[in-house]
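Novice: What would the 3D arrangement of this be:
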Amino acid sequence: MSLLEGLTRPSLARRLVILASGGIVAALAIAAVVLALLFQQAALRRFDANLSDLIDNLIAGTTIEQGEVVAPALTDLRALRALSGRYWEIAEVTPDGKMRAVEELTSRSLYQSELYIPPDLAQRLQADPGKPIAYDAPGPQPGERVRVLARWTTFYGLKQPLVFLAAEDSRPVDREVAGFVTATAVAFGLLGLGLIVAVIVQVRVGLRPLFRLRTEVAEVRRGKTERLQGAYPSELRPLTDELNALVAHNQETVERQRTHVGNLAHALKTPISVMITEAAQRPGPLADVVTRQADVMRQQVDHHLRRARAAARSQGQGERTSVAEVLDELARTLERIFRDKGVTIDWDAPDDLWFLGERQDFMEIAGNAMENAGKFGRRKVRVRAVADGPETLRLTVEDDGSGLTPDQREEVVQRGARLDESAPGSGLGLSIIDELARAYRGSLELAGASLGGLAVIVRLPRATD
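Specialist: Next comes the predicted model:
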């Protein structure tokens, strides 16, 4: 994952770790480079100081005898041994500004070779005679690199100035610098790794209240608690207060709406009951129509009242309902109801499967599905309830009836739709299931059953420990 992807992904902890790690790596890399450069410069200054001492000894011991330059007899053993890695040389500056090494004025270690002299060295030295110039050059041996220090000097009684050059194999210094760079890289790498681990620990510990807040908010959503009760840092206290206020406001709003719907339903029930009573006292065609329509109105009021209650409960604290206990009770009841038809209900559900909601709502969902299967099936109804995810359960009710086509499945879910007028009921069963499932943020699906009839599949919230 690139740095940009890490920064754009919605993770506060990841962003903090990546930004801090990037800063640590950049700072340590810069520090390592600076230290390596400083060490290299210090090593070269020490190296040039040794060459300068050699030149000082050469200048101090050089004499002019009868117009000829006489080099001193130095006791530096390395300069006396051929190709030893330490060399010196005295060069003359010709009238045309060029430099020429004097053959007799070289160390034995050069072994009939000469030090490399850049073409512009004489001009550079003449521009500032008191300042020595250092440069890198190939050595007498194949693959050898030497560092050369040159100094411009004039002698009394000598017309042309002399240039003293001292050189030494620079490969030991290069190896020393490389070793320091390697040791520094390893040390800074371990330091950076330790700092990154410390940042990760710091971020995890520092953001622990946020993780705890997320867990507690999830518990409120699942209905395990009514509000946030943890002790949080002062930076998070305003957020927790606002969340508690929001939860209280939502509960108040839902309760107010629930009360309003209940009052409306209660206000409608009385006129409907009066209409049914008056129609029963005056038999006739008109009374029959009024009775049927009033009965439908009462069913619709009951239906929407149930839906409002379910929606309110799904937004509130919630309850845990044992799926197995409800299915067992419904199976025994419905087998007695359909005893004349010979319907058998085969159900199965884990004992630890719980519906996150009220028992009455789950009984209405499962009961309507199982009752429809008993009505439109022949003799067998199969019910299965399983966990369908971390927070979801799936209830499947199948029958061995004639089933429905895909077009009929869409039509039958509509409120009050009935494809078989010969079967008793109002046609609200599947609509009630759909309404209650949606109120709990679930879903209803109709499909073909393995038994040959219709399969009613309902997904609902599952209570977890």
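Novice: hang on, Val323 packs against Phe362?
Specialist: Yes. If you go by C-beta atoms under 8 Å, Val323 and Phe362 touch, sitting 7.2 Å apart. C-betas here are computed from N, CA, C, even on glycine.
Novice: Show me which of these two is the more surrounded one.
Specialist: Using other C-beta atoms under 10 Å as the criterion, Val323 and Phe362 rank with Phe362 on top: 28 against 25.
Novice: got the contact list for the more buried one?
Specialist: 321, 323, 326, 355, 460 (C-beta atoms under 8 Å, 6 or more residues apart in numbering).
Novice: Restricted to strands, list those residues.
Specialist: 321, 355, 460 (DSSP state E).
Novice: the helices in the stretch 301-450 of the chain, which residues?
Specialist: 323-337, 359-376, 406-412, 429-439 (DSSP state H, counting those that start in this stretch).
Novice: circling back: can you list residues touching both of Val323 and Phe362?
Specialist: In contact with both Val323 and Phe362: Phe355, using C-beta under 8 Å, 6+ apart.
Novice: related to what we said a few turns ago, out of the contacts of Phe362, which two sit at the greatest distance?
Specialist: Farthest-apart pair in the contacts of Phe362 is Val326 and Leu460; separation 11.8 Å (C-beta to C-beta).
Novice: Which one's more surrounded, those two?
Specialist: Each of Val326 and Leu460 has its neighbours counted (other C-beta under 10 Å); Leu460 has more, 26 against 21.
Novice: Give me the pLDDT value at the nearest residue to the more buried one once chain neighbours are set aside.
Specialist: In space, and not counting its chain neighbours, Leu460 is closest to Gly442: 4.3 Å by C-beta to C-beta, 6 or more residues apart in numbering. Gly442 is assigned 88 on the pLDDT scale.
Novice: which of the residues in stretch 126-137 are buried?
Specialist: 132-134, 137 (16 or more other C-beta atoms under 10 Å).
Novice: right, and out of those residues, which lies closest to Val220?
Specialist: Ala134 (75.1 Å).
Novice: who touches the closest residue to Asp328 other than its chain neighbours in this structure?
Specialist: Sequence neighbours aside, Trp347 is the residue nearest to Asp328 in space, at 7.2 Å (criterion: C-beta to C-beta, 6+ apart). Shown in contact with Trp347 (C-beta under 8 Å, 6+ apart): 327-328, 331, 382-385.
Novice: Pull the most distant pair out of these.
Specialist: Counting by C-beta to C-beta, the most remote pair of the contacts of Trp347 is Asp328 and Arg382, 14.7 Å apart.
Novice: The two: who's more crowded?
Specialist: Arg382 (21 against 14).
Novice: By mean pLDDT, flag the weakest helix or strand of this structure.
Specialist: helix 3-8 (a mean of 52; mean pLDDT, DSSP states H and E).
Novice: could you point out which element follows that one?
Specialist: Beyond helix 3-8 in the direction of the C-terminus, DSSP states H and E gives the next helix or strand as helix 12-61.
Novice: Against which helices or strands is that following helix packed?
Specialist: helix 3-8, strand 86-93, strand 133-138, strand 145-153, strand 162-169, helix 171-206 (3 or more C-beta pairs under 8 Å, 6 or more residues apart in numbering; DSSP states H and E).
Novice: Could you identify which of those is most buried?
Specialist: strand 162-169 (a mean of 25; mean count of other C-beta atoms under 10 Å).
Novice: Against Leu210, how distant is the closest residue to Ile196 other than its chain neighbours?
Specialist: Leaving aside its sequence neighbours, Ile196 sits nearest to Ser21 (C-beta to C-beta, 6+ apart; 4.9 Å). Noted for Ser21: a distance of 20 Å to Leu210, by C-beta to C-beta, to the nearest Å.
Novice: ok, back up a step: counting neighbours, which of the contacts of Trp347 end up buried?
Specialist: Buried among the contacts of Trp347 by 16+ other C-beta under 10 Å: 327, 331, 382-385.
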